[in-house]
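1. below: sequence and its predicted model.
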Amino acid sequence: MKKWMAMAAMLALGATTALADWHVVADVTATDQSEAREIAVNRSIQTVRFECKSGSVIVMTMWVREGAEKTEYRVARQLAPGEKFDLDLGQVRNATGFRISDKGPGRYKIGVR
């Protein structure tokens, strides 16, 4: 029985640690008009998470800025409330900011790690 409890505790600790390494860089309210918005990041990242909190959100494109350089990622995802989408950038990027094109109406969070 003690072995089972120890395993459960390790599993819970691992799940908490996995959630703790996400850093939320923006809480965005998207309107029913297509918009492009600038978001400051200023950290080394490899994965971006879009998490819909309410409404319905379409994330079309995301530009990752690294100083003067920028790289485009086509996201092309519609997210429902509670839905998450992780975008792997393929390598570690020293992101200074994002430029994201979206459309709502809805609210979503952007997390990085």
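-> Happy to help now that I have it. Numbering: from 1, shown residues only.
2. now for the helix or strand harbouring Ala95, which elements pack on it?
-> Assigned by DSSP states H and E, Ala95 belongs to strand 84-103. Judged by 3 or more CB pairs under 8 Å, 6 or more residues apart in numbering; DSSP states H and E, strand 84-103 is in contact with strand 23-30, strand 35-55, strand 57-66, strand 69-79, strand 106-112. Using the backbone N, CA and C atoms, a C-beta is placed for each residue, glycine as well.
3. reformat these as a markdown table; add mean neighbour count and mean pLDDT.
-> Conversion of the helices and strands packed on strand 84-103 to a markdown table gives the following (neighbours: other CB atoms under 10 Å; pLDDT from 0 to 100):
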| stretch | mean neighbour count | mean pLDDT |
| --- | --- | --- |
| strand 23-30 | 16 | 97 |
| strand 35-55 | 16 | 97 |
| strand 57-66 | 19 | 98 |
| strand 69-79 | 14 | 97 |
| strand 106-112 | 21 | 98 |
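4. in a markdown table: those, plus distance to Asp86.
-> Below are the helices and strands packed on strand 84-103 laid out as a markdown table (distance: least, CB to CB, whole Å):
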| stretch | distance to Asp86 |
| --- | --- |
| strand 23-30 | 14 |
| strand 35-55 | 5 |
| strand 57-66 | 12 |
| strand 69-79 | 11 |
| strand 106-112 | 9 |
